[in-house]
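K.L.:
Below is the sequence, then the predicted model.
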Amino acid sequence: MPHPPFQLPRGAVLPDFGNGGIFGLARNLACWLRHEASPPEQSGLRLEGNGPVVLLVIDGLGDAFLQRHGQGSTILRYRQRRLTSVFPSTTASAVTTLLTGLSPARHGLTGWFMHDRRFGGVIAPLPLYRRGAGALLSPALTPRLFPYDGMFRRSKVAATMISPQDIAWSPFSRRHGRGAELRGYSRPDAFVPAILEAASQPGSARRFIHAYYPRFDAICHHYGAHSAKAISEFARIDSFFDQLLKGLAGRGASVILTADHGFIDAPERRHLRLHQLPKLKAMLDSPLAGERRVVFCRVRPGAEPDFEALAHEQLRGRAVVQPSARLVEAGFFGPGPVNPRLAERCGTHVLLMEAGWTLSDRMPRERLHRMVGVHGGLSADEMWVPLVHVQP
């Protein structure tokens with residue numbers, strides 16, 4: 001997408017909704033599964049052979065991390081190029097794109113938190129709870145919240161979706177995994193055996209396996225994006241990757257590895273709390289949504305000009321304020337048709353945080369989460385992820 005005629009954070013990387021981003025990869029894989037146009041070759045992938053096609057999604061593995069800490073690794077050896085994440089560069093938005101082939105504009109998941117008045121306010125769509133009020137329970141919830149098909153729904157290729165056991169059969173997984181066999185693994189070292197077992201099922205050798213690994217993301221959040229723990233976890237992932245390639249050798253397989261987003265560290269001294277900005281807080285009519293790095297705000301009717309002026313003054317050098325509609329019109333959320341809830345979920349304004357800065361609020365009964373590593377923003381470390389492809 002062309003650079004928009006309005007201010008963005010310094011060094012912003014724009015999402016690519018062609019073949020230079022994870023959207024293009026997911027869209028082309030979805031078309032391949034359905035035997036439609038837009039083959040994977042358009043993303044630079046040639047799925048030759050008659051064996052399984054495995055997509056590994058390593059949550060949080062940015063291309064900058066791989067270049068910095070992956071020297072000598074098997075993953076870096078087979079890296080083809082880099083792709084952009086979607087916007088926001090966060091799990092709820094990007095993993096959903098990788099499971100559907102749809103842009104955030106279409107599937108409408110705009111961050112870990114999003115506003116949806118049908119469910120009483122600001123909700124977390126993946127774990128399904130409402131901020132300050134607990135779990136969302138309704139038999140009709142997921143069809144209303146996720147009213148679209150995943151990429152397995154009309155697949156002409158047998159598909160398996162593998163996730164950690166605690167989320168493998170969650171409402172989100174069941175809804176997005178329709179058409180695929182759902183499998184779970186109980187611990188990290190069971191990840192590759194679960195993939196190899198799925199690849200060895202009787203029947204057609206041509207099978208698509210979507211395998212999700214979230215542990216790297218959790219470690220980066222807790223310890224930091226370049227911590228010793230993160231580097232150690234990457235070494236484990238690389239050994240898993242090598243193990244997988246050896247297990248699939250000679251079977252006509254294709255293995256693709258990518259991520260939903262990268263990471264940037266945000267020191268606690270650069271973590272702003274909304275209660276520290278009482279004048280800005282007073283202009284809002286709901287809790288914050290989105291992410292700590294991309295903050296969606298619902299400004300009270302009539303207060304929009306004052307909010308923009310005050311945010312510009314109080315957050316200078318720490319965040320850029322823009323009307324959310326401006327980003328929608330500029331294509332930040334990708335091609336449509338646009339989800340009818342998108343405008344509501346983006347709020348009236350967005351605070352795009354500068355590198356290293358975050359902003360959050362806290363509702364009654366919410367736990368305080370301290371995060372060292374964060375994502376969601378437009379920095380290069382957050383936006384660029386690797387595309388790895390090998391036919392063992």
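P.N.:
Now that the structure is in, tell me what you want to look at.
K.L.:
Can you read off the pLDDT for residue 139?
P.N.:
With respect to pLDDT, residue 139 scores 69.
K.L.:
same question, residue 21
P.N.:
For residue 21, pLDDT reads 97.
K.L.:
isn't it right up against residue 82?
P.N.:
No. When contacts are counted by CB atoms under 8 Å, residue 21 is not listed as touching residue 82 (9.8 Å). Where C-beta positions appear, they are placed from N, C-alpha and C, glycine not excepted.
K.L.:
In terms of neighbours, single out the busier of these two.
P.N.:
residue 21 (29 against 20; other CB atoms under 10 Å).
K.L.:
Please name the residues that touch that one.
P.N.:
Residues near residue 21 by CB atoms under 8 Å, 6 or more residues apart in numbering: 15, 83-86.
K.L.:
same deal with residue 323?
P.N.:
Counted by CB under 8 Å, 6+ apart, residue 323 has contacts 304, 308, 348-350.
K.L.:
quick revisit: which among the contacts of residue 21 end up buried?
P.N.:
Neighbour counting with 16 or more other CB atoms under 10 Å marks 15, 83-86 as buried within these.
K.L.:
Any chance of CSV for those, columns pLDDT and distance to residue 29?
P.N.:
As requested, these are exported to CSV (pLDDT from 0 to 100; distance: CB to CB, whole Å):
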residue, pLDDT, distance to residue 29
15, 98, 18
83, 98, 13
84, 98, 17
85, 98, 16
86, 98, 15
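K.L.:
out of the residues you listed, who's nearest residue 391?
P.N.:
Checking the buried ones among the contacts of residue 21 against residue 391 by CB to CB gives residue 83 as the nearest, at 19.1 Å.
K.L.:
now that closest one, which residues is it bridged with?
P.N.:
residue 385 (DSSP bridges).
K.L.:
Does it touch residue 18 like I think?
P.N.:
No. Using CB under 8 Å, residue 83 is not in contact with residue 18, being 10.4 Å away.
K.L.:
quick one: common contacting residues for those two?
P.N.:
With CB under 8 Å, 6+ apart, residue 83 and residue 18 have common neighbours residue 24.
K.L.:
all strands of the stretch 51-200 of the chain, in order?
P.N.:
53-58, 79-84, 114-116, 121-124, 129-130, 134-135, 158-164, 181-185 (DSSP state E, counting those that start in this stretch).
K.L.:
Run through the neighbouring helices and strands of the second one.
P.N.:
Think strand 79-84. helix 22-33, helix 63-69, strand 384-390 (3 or more CB pairs under 8 Å, 6 or more residues apart in numbering; DSSP states H and E).
K.L.:
So for the second one, what gets flagged as buried?
P.N.:
Think helix 63-69. 63-66.
K.L.:
Check which residues of the longest helix along the chain are buried.
P.N.:
Looking across the chain with DSSP state H, the single longest helix is helix 228-248. For helix 228-248, the neighbour count (16+ other CB under 10 Å) marks 230, 233-234, 237-238, 240-245, 247-248 as buried.
K.L.:
Adding distance to residue 77, write the residues you listed out as JSON lines.
P.N.:
Below are the buried residues of helix 228-248 laid out as JSON lines (distance: CB to CB, whole Å):
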{"residue": "230", "distance to residue 77": "20"}
{"residue": "233", "distance to residue 77": "19"}
{"residue": "234", "distance to residue 77": "14"}
{"residue": "237", "distance to residue 77": "14"}
{"residue": "238", "distance to residue 77": "10"}
{"residue": "240", "distance to residue 77": "15"}
{"residue": "241", "distance to residue 77": "10"}
{"residue": "242", "distance to residue 77": "10"}
{"residue": "243", "distance to residue 77": "15"}
{"residue": "244", "distance to residue 77": "14"}
{"residue": "245", "distance to residue 77": "10"}
{"residue": "247", "distance to residue 77": "17"}
{"residue": "248", "distance to residue 77": "16"}
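K.L.:
List the contacts of residue 355.
P.N.:
9-11, 264, 377, 379.
K.L.:
Quick check, pLDDT for residue 90.
P.N.:
For residue 90, pLDDT reads 98.
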